[in-house]
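1. sequence first, predicted model second:
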Amino acid sequence: MSVTTPLIQLKGLGKTFQSKDSAVTALDHIDLEINSGEIFGIIGMSGAGKSTLVRCINLLERPTSGKVLFAGVDLSTLSGAALNKTRQQMGMIFQQFNLLMQRTAVGNICFPMELCGVPKAQARQRALELLELVGLSDKANAYPAQLSGGQKQRVAIARALATNPKVLLCDEATSALDPTTTRSILALLKDINQRLGITIVVITHEMAVIEEICQRVAIIADSHVAEVGNVEDIFTNPQSQAAKKLVYPEEGKPIDDFVDHKHCCRIVFDGNSSFEPVVASMILECREPVNILFADTKNIDGRAFGQIVIQLPDDPLAAKRILSYLRSRESITVEEVDNYVV
Ligand SMILES: Nc1ncnc2c1ncn2[C@@H]1O[C@H](COP(=O)(O)OP(=O)(O)OP(=O)(O)O)[C@@H](O)[C@H]1O
């Protein structure tokens with residue numbers, strides 16, 4: 001494979017589930033390229049086709065049309081043994097962890113190595129190293145029932161890494177976890193990507209997950225790729241209706257004006273509008289908390305006068321989103337303020 005060949009190429013990929021009396025098209029003409037070493041997100045609403053897409057990448061689902069190329073090789077041309085060998089280069093983790101309940105953590109991690117014929121002692125040694133990598137050295141002999149959700153996912157990640165994969169496919173890997181555990185698992189995935197250079201594909205319905213770790217993202221809607229690009233570009237300037245719906249869940253309005261991140265922002269009500277709960281709507285729609293540093297507003301004869309100064313989040317993407325949202329409101333004036341002193 002040349003340096004420029006993407007690790008995964010989906011070309012005109014289609015998948016239709018056929019039952020006796022109906023057919024469901026889960027994927028329709030998907031073209032996507034995922035580069036070696038990147039963390040690539042695939043996001044979409046429920047039923048958009050995300051899980052089917054990731055399962056087509058390792059041929060757990062056979063596409064009904066199109067091709068999946070892995071490291072330049074068309075997977076449909078591979079025989080059983082060769083396909084299995086290629087699949088070993090694709091680790092996968094799931095929302096429900098899928099651990100073997102009657103095996104310990106170390107036993108679960110050894111399992112894929114046993115299937116590949118790795119000698120027992122060697123497999124155990126590697127499993128212990130992987131447990132250390134995922135921060136669970138002290139849980140080698142614990143059974144899944146004795147582990148928390150986050151610990152189970154760490155074991156699942158170690159198991160997925162056991163065969164030295166080139167890519168880790170993560171299907172809603174944090175959807176069953178609380179926000180703090182989610183962040184720690186995402187940090188671990190980022191660390192694995194950076195330390196081991198493993199390509200990571202993240203399937204999720206949560207924008208926050210994409211923002212946290214992905215460099216590029218594809219938005220899947222109604223079995224199609226609605227939009228693909230850099231996370232920052234898409235999240236600050238969504239083009240497709242599907243992207244707008246994800247970035248501005250309540251709005252879906254075009255946002256065409258972007259500004260640099262500044263710490264504070266002044267919202268001025270100059271009597272041109274009736275009073276509206278701008279900050280509350282902004283928090284609900286942008287789903288970002290902000291600090292209100294100062295507020296002096298008056299409702300005079302049903303018209304709003306005064307100003308509110310808010311502190312923008314540290315995350316530049318979140319700050320941009322809030323500013324874009326505020327600027328889309330015609331009834332107020334928005335000004336960025338540096339070094340606001342209360
Ligand atoms: N084995 C199957 N047989 C029939 N239809 C299926 C099968 N698997 C998925 N589908 C259908 O394909 C479509 C896409 O499903 P898929 O699970 O890929 O979506 P998703 O985006 O992952 O959704 P979610 O986030 O809810 O898991 C849905 O309409 C679903 O009902």
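-> Looks like it arrived, so ask away. Numbers count the residues shown, from 1 in each chain.
2. what residues are up against residue 159?
-> Under the criterion of CB atoms under 8 Å, 6 or more residues apart in numbering, the neighbours of residue 159 are 91, 99, 108, 109, 111, 112, 130. Every residue, glycine included, has its C-beta placed from N, CA and C.
3. most neighbours among those, which one is it?
-> Among the contacts of residue 159, the one with the most neighbours (other CB atoms under 10 Å) is residue 109, at 30 neighbours.
4. for the residue in the stretch 101-250 of the chain that the ligand sits nearest to, give me phi and psi.
-> Per CB to the nearest ligand atom, residue 205 is where the stretch 101-250 of the chain lies closest to the ligand, at 5.2 Å. Residue 205 has phi and psi values of phi -110, psi 10 when expressed as degrees, to the nearest 10.
5. what count of nearby residues applies to it?
-> Other residues lying near residue 205 total 16 when counted by other CB under 10 Å.
6. surely it is in contact with residue 174?
-> No - at 10.8 Å, residue 205 and residue 174 do not qualify as touching, with contact defined as CB atoms under 8 Å.
7. circling back: gap between the residue of the stretch 101-250 of the chain closest to the ligand and residue 226?
-> As judged by CB to CB, to the nearest Å, residue 205 and residue 226 stand 14 Å apart.
8. can you check residue 282 too?
-> The value you get for residue 282 to residue 226, if CB to CB is used, is 25 Å.
9. what parts of the stretch 51-200 of the chain come near the ligand?
-> Listed as neighbours of the ligand in the stretch 51-200 of the chain under the rule CB under 6 Å from any ligand atom: 51, 52.
10. any chance you could map the helices in the stretch 101-250 of the chain?
-> Per DSSP state H, counting those that start in this stretch, the stretch 101-250 of the chain carries helices over the ranges 105-115, 120-133, 149-161, 179-196, 207-213, 231-236, 241-247.
11. now, of those, which is deepest in the fold?
-> Ranked by mean neighbour count, the helices of the stretch 101-250 of the chain are led by helix 149-161 with a mean of 24 (mean count of other CB atoms under 10 Å).
12. residue 230: neighbour count?
-> By the measure other CB under 10 Å, the count of residues near residue 230 is 12.
13. who's in contact with the nearest residue to it once chain neighbours are set aside?
-> Take residue 230 and drop its neighbours on the chain: the residue closest to it by CB to CB, 6 or more residues apart in numbering is residue 216, 5.8 Å away. Contacts for residue 216 were tallied using CB under 8 Å, 6+ apart; they are 38, 40, 41, 228, 229, 230, 231.
14. would you confirm that the first one contacts residue 215?
-> Yes - using CB under 8 Å, residue 38 and residue 215 qualify as a contacting pair, with a distance of 5.2 Å.
15. what ranges does the stretch 1-150 of the chain have for its strands?
-> Under the criterion DSSP state E, counting those that start in this stretch, the stretch 1-150 of the chain contains strands at 8-18, 23-34, 39-43, 65-70, 73-74, 90-94.
16. buried sites along the fourth one?
-> Just to be clear, that refers to strand 65-70. The neighbour-count check on strand 65-70 (16 or more other CB atoms under 10 Å) flags 66, 68, 69, 70 as buried.
17. okay, these in TSV with pLDDT next?
-> Supplementary listing: these in TSV, determined by pLDDT from 0 to 100:
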residue	pLDDT
66	96
68	96
69	96
70	96
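18. nearest to residue 126, of the residues you listed?
-> For residue 126, the closest of the buried residues of strand 65-70 turns out to be residue 70, at 23.4 Å, with distances computed as CB to CB.
19. may I have the beta-bridge partners of that closest one?
-> With DSSP bridges as the criterion, the beta-bridge partners of residue 70 are residue 8, residue 73.
20. ok, it - contacts?
-> Remark: with contacts taken as CB under 8 Å, 6+ apart, residue 70 is in contact with 7, 8, 57, 86, 89, 90.
21. from the residues you listed, which would you call buried?
-> Buried residues within these, defined by neighbour count using 16+ other CB under 10 Å: 7, 8, 57, 86, 90.
22. the first one reaches residue 201, doesn't it?
-> Yep, that's residue 7 we're talking about. No - proximity of residue 7 to residue 201 does not meet the contact threshold set by CB under 8 Å, at 9.5 Å.
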